[in-house]
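Colleague: With the sequence up front, the predicted model follows.
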Amino acid sequence: MNSVKVDKASIEGIVAGLFADGRSPMEHFGIEWAQIETLERREPGVVIKLASPEEKIAACGGTR
C-alpha cells in the first residue's frame, strides 16, 4: 500500500488560498448556494447530513 505524506504548511497554504481576497472556497470555484441546494435535493447521498446546527458549526471549525 502506498503512503501519502503531507506537509501541514502546504495544506495551510492551499486552504488560505481558498479564502484569499475575502472570498469563500465556493466563490473561488464559481459555485452558488442555489446550486448546492439543488444538489442536496437531487442527490442527498452526495451531501453530508449532520444532525444538528451545533454539529454543522463544529464540522466547519466554529464554536457557538
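Modeller: Everything's here; your move.
Colleague: Count the neighbours of residue 6 for me.
Modeller: The local packing count at residue 6 equals 7, with neighbours defined by other Cβ atoms under 10 Å. C-beta coordinates here come from the backbone N, C-alpha and C atoms, glycine included.
Colleague: can you check residue 42 too?
Modeller: Here the number of neighbours of residue 42 (other Cβ under 10 Å) works out to 9.
Colleague: pLDDT score assigned to it?
Modeller: Each residue has a pLDDT score; the one for residue 42 is 86.
Colleague: quick one: average pLDDT of the helix or strand where residue 26 lies?
Modeller: When elements are defined using DSSP states H and E, residue 26 is found to belong to helix 25-29. Average pLDDT, helix 25-29: 88.
Colleague: just how off-centre is the helix or strand that comes right after that helix within its chain?
Modeller: Sequence-wise, the next helix or strand beyond helix 25-29 is helix 33-42, with elements assigned using DSSP H and E. When C-alpha coordinates are averaged (Cα atoms, centre = their mean, to the nearest Å), helix 33-42 and its chain have centres 15 Å apart.
Colleague: Next secondary structure element downstream of helix 33-42?
Modeller: From helix 33-42 onward toward the C-terminus, using DSSP H and E, the following helix or strand is helix 53-59.
Colleague: Mind exporting the C-alpha coordinates of the helix holding residue 26 to PDB?
Modeller: Taking C-alpha atoms only, helix 25-29 is exported to PDB below (Å, rounded to 0.1, in the frame of the first residue of the first chain):
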ATOM      1  CA  PRO A  25     -14.000  28.500  -1.400                       C
ATOM      2  CA  MET A  26     -17.400  28.300  -3.200                       C
ATOM      3  CA  GLU A  27     -16.700  31.700  -4.700                       C
ATOM      4  CA  HIS A  28     -13.300  30.600  -5.900                       C
ATOM      5  CA  PHE A  29     -14.900  27.600  -7.700                       C
END
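Colleague: Alright, that wraps it up for me.
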